[in-house]
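In: 3D model of this:
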Amino acid sequence: MIKHHFTRRAFTGAGLASAGLLLTSKALAFSDKVPTAESPMGPFYPVGHLADADVDLTWVKGRNARAAGQVIEISGRVYDVKGNPLPGARLELWQANAAGRYDHPSDPATAALDPNFQGYASLRSDAKGEWRIVTIKPGGYDSPIGHRPPHIHFDLRSDKTRNVAQMYFPEDAEANGKDTLYKVLSPQDAATSLAVRSTADPNKYVWDVVMLA
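Out: This next block holds a predicted model:
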């Protein structure tokens with residue numbers, strides 16, 4: 001049975017922090033792997049699943065131009081709290097384009113949509129628990145809860161559990177620290193939400209995900 005942990009996580013700082021600390025303490029009792037911090041799904045989950053939902057979000061089928069913005073690669077592995085890789089885990093992700101706008105009818109942003117940006121992907125981890133996407137670094141944007149730094153939303157599912165999370169970028173430390181959702185995370189939870197940028201190639205990031213089971 002899928003555990004909808006995220007439904008118990010409100011936008012309030014107290015709820016996010018206390019739940020995160022509880023999950024962290026339980027994980028540390030059994031393993032050195034800390035579960036990836038949960039975060040609200042937000043209002044811009046795609047209304048309909050696009051026909052083009054592959055792992056390269058920078059090209060849209062039927063179009064001849066690549067999406068605008070900084071092309072980046074994000075890869076990682078999905079683990080359980082004991083450190084075992086989780087093959088076949090499902091990852092859905094969605095994000096704003098380089099101008100900070102979602103392709104969603106409820107997004108009030110006035111920035112232009114990018115017809116060449118896919119904005120959504122659905123994939124599964126391979127036999128080693130590994131996954132990889134190519135996308136555009138999202139732009140930040142203003143929201144009812146304040147300015148949001150660049151981030152990518154993930155809906156992560158294994159056979160036994162579900163985790164809705166947001167991945168942040170390490171080079172945006174100042175903006176992250178002011179973000180309503182990021183700044184209430186414990187230091188350990190914040191670390192699980194932060195991608196690692198390659199020193200060899202600044203357009204490549206690694207973000208490993210740890211699920212409760």
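In: Let's verify the residue lying farthest from the centre of the chain: helix, strand, or coil?
Out: Centroid-distance maximum for the chain: residue 64 at 27.5 Å, with C-alpha atoms, centre = their mean. At residue 64 the chain is in coil, as set by DSSP: H, G, I helix; E, B strand; the rest coil.
In: ok but residue 175 is inside a helix, no?
Out: Yes. Assessed with three-state DSSP, residue 175 lies in a helix.
In: Isn't it up against residue 146?
Out: No. Contact between residue 175 and residue 146 fails when scored by C-beta atoms under 8 Å: they sit 10.5 Å apart. Where C-beta positions appear, they are placed from N, C-alpha and C, glycine not excepted.
In: which one of those two has more residues nearby?
Out: Between residue 175 and residue 146, residue 175 has the larger neighbour count (other C-beta atoms under 10 Å), namely 17 against 11.
In: Contacts only, for that one.
Out: 140, 147, 149, 150 (C-beta atoms under 8 Å, 6 or more residues apart in numbering).
In: Which residue ranges of this protein form helices?
Out: 13-30, 173-178, 187-192 (DSSP state H).
In: just to revisit the earlier point, now the residue farthest from the centre of the chain: how far from residue 103?
Out: 19 Å (C-beta to C-beta, to the nearest Å).
In: which residues touch the closest residue to residue 204 other than its chain neighbours?
Out: Distances taken as C-beta to C-beta, 6 or more residues apart in numbering place residue 198 nearest to residue 204, at 4.1 Å, with adjacent residues excluded. Contact analysis of residue 198 by C-beta under 8 Å, 6+ apart lists 204, 205, 206.
In: could you pull out the strands for this structure?
Out: 71-80, 90-94, 120-124, 130-136, 141-143, 146-148, 151-157, 162-168, 196-197, 204-206, 209-211 (DSSP state E).
In: Return the list of strands paired to the last one, each annotated with direction.
Out: This points to strand 209-211. Strand 209-211 has the following sheet partners, assigned by DSSP bridges: strand 71-80 (parallel).
In: could you give me the average pLDDT of the partner strand?
Out: In this model, strand 71-80 has a mean pLDDT of 97.
In: Closest to residue 129 out of the contacts of residue 198?
Out: residue 206 (13.2 Å; C-beta to C-beta).
In: Next up, the contacts around the residue lying closest to the closest one once chain neighbours are set aside.
Out: The spatially closest residue to residue 206, leaving aside those adjacent along the chain, is residue 196, at 4.7 Å (C-beta to C-beta, 6+ apart). For residue 196, the contacting residues are 170, 205, 206, 207, by C-beta under 8 Å, 6+ apart.
In: rewinding a little: from the contacts of residue 198, list the buried ones, please.
Out: 204, 205 (16 or more other C-beta atoms under 10 Å).
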